[in-house]
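K.L.:
Build the 3D model from these lines:
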Amino acid sequence: MNYPESKDSKSPLNLDDGPVFWKAVKEKDAIYNVYLKRVRYHTLPDHLCGIDEVSGSRVGSGSGIKGVSQLASETLKIRSIKAGTLQRLIECLVQVTGELDSSYVNTFLATYRSFASTEQVLDAIIDRFRQLQEERQMKDSLKQDHTKCLRSVLSMWLDTYSDDFKKPPHFTSLKKLITFASDVNDADFTLRAKHRLERFRKEFEMANKVDPLLFHFCLCDEVDYVLQTEFCKPLEFHNIPNDTIAEQLTYIDAELLKKLVPHHCLGSTWSRDRKSEEAPTILATVTQFNAVLFRVVTTILKNPKLKKSQRAKVIVKWIDIAQKVRELKNFSSLKAIISGLQSNSVYRLRKTWDHIPKEHLHLYGELSNIFSEENNQITQRELLMKEGSAKFADPGIVGKNAKQRRSLQKRKSAFIENGIVTGTIPYLGTFLTDLTMIDTAIPDKTDQGLINFEKKRKEFDILVQIKLLQSACNLYNIKEDPQFTRWFQGAKVYDENESYELSCVIEAAQSPRTPKDKTGSFRHSFPSHNRKNSNESMSSYGSSYNADDTSVSSLNLTPSAPSATGAPPFEKQMSHSSSYSSINSSEVDGSSAQLKLNNSCIVKVKLVKSSQEEPSLYKSILLGNGDHTSTVIKNCLSKHLLSEDLFNDFVIAQVLSGGREFIIPDKANVYYALSSDCAEYVIALKHKSTLQTLESTKKSSKKGSKKEQI
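P.N.:
Numbering: from 1, shown residues only. Have a look, this model is predicted:
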């Protein structure tokens, strides 16, 4: 924000009054929101005021009674940029008074990647620095303040987001930054940038160094390995204490959360084809979530010869583990365990659920309700707000289950006696859902083509929550158990088809199921992008990453909590998928009722630049019932950071089942042109040259087939 300069004779005393929006001001290449804020000042008594040597008047004298300290107030106008070009956004990094706007700088550095590249931002900051040096109408002192702040921004950028400059093998941006720091004679900044470059180079060389003759042998290491693998009895799930499993899952989740890069959550980066490169920290979190879910299902189903009462004990054990991770405030593993218990292969075991004690069924219901979709997941959000920075789980907000409250109170007392505090691990899908909805509902640019920075502020508010929870993770004091790690990593898991087949062996299906029934039983837990057939993978986190599948495959977990009487209430299922997931349910059965709501719908867009090139990424747009082809193409281009002026060079095609495509006519109403015979709407934005290449390929193939017939 840009604050007006205060008068020298006054010093701020009270800033409690909040700013009130007044009006929006449009200028060239920018739109500003103007707020009014009342500020109280303390006027000094006359005997404390200084004397102006030029005019001889008293400096700082008040307008009240002589020699008396008084309060005064005035209304200030505060400008905050709402939208603008990249150059205008760069200008706002420093206030007009020459002070650094730290809040704005943090927001900008955390979110700029969705509208500009590192090279573009670096060039813009350096250009702004050069302009200030050549500015003649600005006072030298103010000019120095501005340039000093810009150097501080670059230094903060390098320290906080150094990976932005890690672009091997040439490291062009980092070299340009070193050159700039050297030109402005900032020796400390230059040295730090050079050290960073040297470190990046070493990491790159080590990653690409291949030495087939390298061989390392250490007798002690080999003996230790033999002792651990051969002479240590392998762990069995039923022999591992519940506390150990809960603590080790929390240890893994905490380490992953601490390494998570918040800005990877923006712009649906985690859904892109190159997700392993662009969002590796999100990928690691999703993979761990799926690993927990798979092991829940596998441990319950792996032995078909178990008696129903014995299998019920495995389910009871997982419910107790879920309670333990709840006490540790690990909502990620809690969600994974609950999702595994609610998977189709497990919840359909009616006779097994009949053997679950009533007390555990109530506990299971309480834990499941934490992720209820009521009022936009209000229960989970309230827990995060109340326990996010708390030292312990609060037994007063866990529902009516007496056992759960007693367990939480007992553990809390033990923690207090031993001086132990715990962090909080959130279910990341909640934040990804919120960010996806913001990305879909709010345009990246205004109608004038300006960057919508208000959208970035909303996104940054969510990133701040993630960063706070990352800091809280440092409170955990859990050490890794290698024996548990070996069991967890070595445990066999089943895919969805195998799990369902085992489930049918254990308890035969009571009624015939179609293939769609079999694979449509999972509902994803956060927004899906590029969801393929659910036969391919199983995940409740919303993303299952396969080696053969470069896109994100989202499952549909349809949760169903067992009733208090023991049998799962199949007639009344509890859906714990995200608010967005109801749009993408695979149980649409050809109806578009769930897809088109309030004369609009959410459409996923993939960009195809050439016939040989794979789609680069997926974006979401909001499609209205009045949007025609040209408008939709422009929106798609804008989402992919391409000029809307190129809309005549592109066409859009709806992706149908079986890989078929339906090209939308030029002047069609896209909302009504979309085929409803699909579980979700996906549009391919294609360059017209790809269609010509495709036509020529078809003609050549037809000629070839005719020659063969002759």
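K.L.:
what ranges of the stretch 451-600 of the chain fall below the confidence cut-off?
P.N.:
Residue ranges of the stretch 451-600 of the chain with pLDDT under 70: 510-598.
K.L.:
Kindly recompute the last result at 90.
P.N.:
In the predicted model of the stretch 451-600 of the chain, residues 472-475, 490-497, 508-600 satisfy pLDDT under 90.
K.L.:
what does the stretch 601-710 of the chain give?
P.N.:
By pLDDT under 90, the low-scoring segments of the stretch 601-710 of the chain are 601-628, 631, 634-649, 655-662, 666-682, 684, 686-710.
K.L.:
what are the ranges of the strands in the stretch 151-300 of the chain?
P.N.:
Using DSSP state E, counting those that start in this stretch, the stretch 151-300 of the chain contains no strands.
K.L.:
Setting aside sequence neighbours, what's the nearest residue to residue 682?
P.N.:
Distance criterion CB to CB, 6 or more residues apart in numbering; nearest residue to residue 682, sequence neighbours excluded, is residue 655 at 4.2 Å. C-betas here are computed from N, CA, C, even on glycine.
K.L.:
so the one you found bridges to which residues?
P.N.:
Counting by DSSP bridges, residue 655 forms beta bridges with residue 661.
K.L.:
Could you check how far residue 241 is from residue 247?
P.N.:
9 Å (CB to CB, to the nearest Å).
K.L.:
Enumerate every residue touching the residue nearest to residue 682.
P.N.:
Contacts for residue 655 (CB atoms under 8 Å, 6 or more residues apart in numbering) come out as 606, 661, 682, 683, 684.
K.L.:
Closest one of the residues you listed to residue 370?
P.N.:
Residue 370 has its nearest neighbour among the contacts of residue 655 in residue 682, at 32.2 Å by CB to CB.
K.L.:
ok, how many other residues are close to that closest one?
P.N.:
Using other CB atoms under 10 Å, residue 682 has 21 neighbouring residues.
K.L.:
Kindly report the same for residue 189.
P.N.:
Neighbour count for residue 189, taken as other CB under 10 Å: 20.
K.L.:
Give me the nearest residue to it, chain neighbours excluded.
P.N.:
For residue 189, the closest residue by CB to CB, 6+ apart turns out to be residue 181, at 4.2 Å.
K.L.:
quick one: that neighbour and residue 190 touch, right?
P.N.:
Yes: between residue 181 and residue 190 there is a contact at 4.1 Å, judged by CB atoms under 8 Å.
K.L.:
Which one of those two is surrounded by more residues?
P.N.:
Counted by other CB under 10 Å, residue 181 and residue 190 do not tie: residue 181 has more neighbours, with 22 against 18.
K.L.:
So what's the residue count around the residue nearest to residue 265 when sequence neighbours are not counted?
P.N.:
Of all residues not flanking residue 265 in the chain, residue 435 sits nearest, at 5.5 Å (CB to CB, 6+ apart). Using other CB under 10 Å, residue 435 has 24 neighbouring residues.
K.L.:
check contacts around residue 435.
P.N.:
By CB under 8 Å, 6+ apart, the contact set of residue 435 is 265, 266, 459, 462.
K.L.:
phi, psi of the third one?
P.N.:
When read as degrees, to the nearest 10, the backbone of residue 459 gives phi -70, psi -40.
K.L.:
Against residue 448, how distant is it?
P.N.:
Residue 459 is 21 Å from residue 448, where distance means CB to CB.
K.L.:
Mind checking which of these two has more residues around it?
P.N.:
Using other CB under 10 Å, the more surrounded residue of residue 459 and residue 448 is residue 459, with 24 against 12.
K.L.:
That one against residue 262, yeah?
P.N.:
No: with contacts counted by CB under 8 Å, residue 459 stays clear of residue 262, the gap being 9.9 Å.
K.L.:
For the contacts of residue 435, give me a markdown table that also has distance to residue 508.
P.N.:
Listed next are those as a markdown table, based on distance: CB to CB, whole Å:
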| residue | distance to residue 508 |
| --- | --- |
| 265 | 44 |
| 266 | 48 |
| 459 | 50 |
| 462 | 47 |
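K.L.:
Tell me the one of those residues nearest residue 286?
P.N.:
Nearest to residue 286 among those: residue 265, at 11.6 Å, using CB to CB.
K.L.:
Where does pLDDT dip in the stretch 1-150 of the chain?
P.N.:
If you take pLDDT under 90 as the line, the stretch 1-150 of the chain has these spans: 1-24, 28, 34-79, 96-98, 101, 114, 134-138, 140.
K.L.:
Just the C-alphas of the host helix or strand of residue 381, formatted as CSV.
P.N.:
Here residue 381 sits within helix 378-387, counting by DSSP states H and E. Extracted in CSV, the C-alpha atoms of helix 378-387 (Å, rounded to 0.1, in the frame of the first residue of the first chain):
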residue,chain,number,x,y,z
ILE,A,378,-16.8,-25.9,8.5
THR,A,379,-15.9,-28.5,11.1
GLN,A,380,-12.4,-29.1,9.7
ARG,A,381,-11.8,-25.4,9.2
GLU,A,382,-12.9,-24.6,12.8
LEU,A,383,-10.5,-27.3,14.1
LEU,A,384,-7.6,-25.9,12.1
MET,A,385,-8.3,-22.3,13.3
LYS,A,386,-8.6,-23.4,17.0
GLU,A,387,-5.8,-26.0,17.0
